[in-house]
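Q: need a 3D model of the sequence below.
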Amino acid sequence: MNDLRDLYQEIIFDHYRHPHNFGPLGGANRQAEGYNPLCGDKVTLYLRMDDDVISDVHFEGSGCAISTASASLMTEALKGKHQDEALRLLDNFHGMVTGTATGEELGKLKALAGVREFPERVKCATLAWHTLQAALENRNGQETVSTE
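A: Presented below is the predicted three-dimensional model:
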């Protein structure tokens, strides 16, 4: 069990130190901003949608290790997904970090499963995901998504 916990911690720290798909996305046709007022995490999510498929996704922002790693891992998991698949992934991830689902089908995202033991950190882990929902709904900056 400690080996698995160590692996998960390494995945989180790697994605925090070297976030994947970080930076603006040229040609993005969907965008949303998110903010967690409890700890100050901020994220801007950029999507390039081709019909109903997420062909590319990037993010910018600042936040804690959990927030940044979650956004980084999320971008990797979303590329090539249809919008309905992305929304199912969001539901599955949210269930995993809140303890209502196992998250077995989430691959590397499972590294964030331990967040459920720290309820105050769930909002850090889900910020990018709530922002994703706003981007998929094509709200394009109409409002900042808040975890409150």
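Q: ranges for the strands of this structure?
A: For the chain, strands defined by DSSP state E occupy the ranges 30-36, 41-50, 53-62, 144-146.
Q: any chance of those strands in JSON lines, with mean neighbour count and mean pLDDT too?
A: C-beta here means a position set from N, CA and C on the backbone, and glycine is covered the same way. Output for the strands of the chain, formatted as JSON lines (neighbours: other C-beta atoms under 10 Å; pLDDT from 0 to 100):
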{"stretch": "strand 30-36", "mean neighbour count": "22", "mean pLDDT": "95"}
{"stretch": "strand 41-50", "mean neighbour count": "21", "mean pLDDT": "96"}
{"stretch": "strand 53-62", "mean neighbour count": "19", "mean pLDDT": "97"}
{"stretch": "strand 144-146", "mean neighbour count": "17", "mean pLDDT": "84"}
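Q: and those strands as JSON lines, adding distance to Ala101?
A: JSON lines is the format used below for the strands of the chain (distance: least, C-beta to C-beta, whole Å):
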{"stretch": "strand 30-36", "distance to Ala101": "22"}
{"stretch": "strand 41-50", "distance to Ala101": "23"}
{"stretch": "strand 53-62", "distance to Ala101": "22"}
{"stretch": "strand 144-146", "distance to Ala101": "22"}
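Q: so for Lys123, which of those sits nearest?
A: Nearest to Lys123, of all these, is strand 30-36, at 5.3 Å by C-beta to C-beta.
Q: partner strands of that closest one, with direction?
A: Strand partners for strand 30-36, identified by DSSP bridges, are recorded as strand 41-50 (antiparallel), strand 144-146 (parallel).
Q: from the chain's centre, how far out does the first one sit?
A: Read that as strand 41-50. Taking C-alpha atoms, centre = their mean, to the nearest Å, the mean C-alpha location of strand 41-50 is offset from the chain mean by 10 Å.
Q: OK, contacts around the residue nearest to Ala65 when sequence neighbours are not counted?
A: Nearest non-adjacent residue to Ala65, counting by C-beta to C-beta, 6 or more residues apart in numbering: Tyr16, 4.0 Å away. Contacts of Tyr16 were listed using C-beta atoms under 8 Å, 6 or more residues apart in numbering, and they are 65, 68-69, 72.
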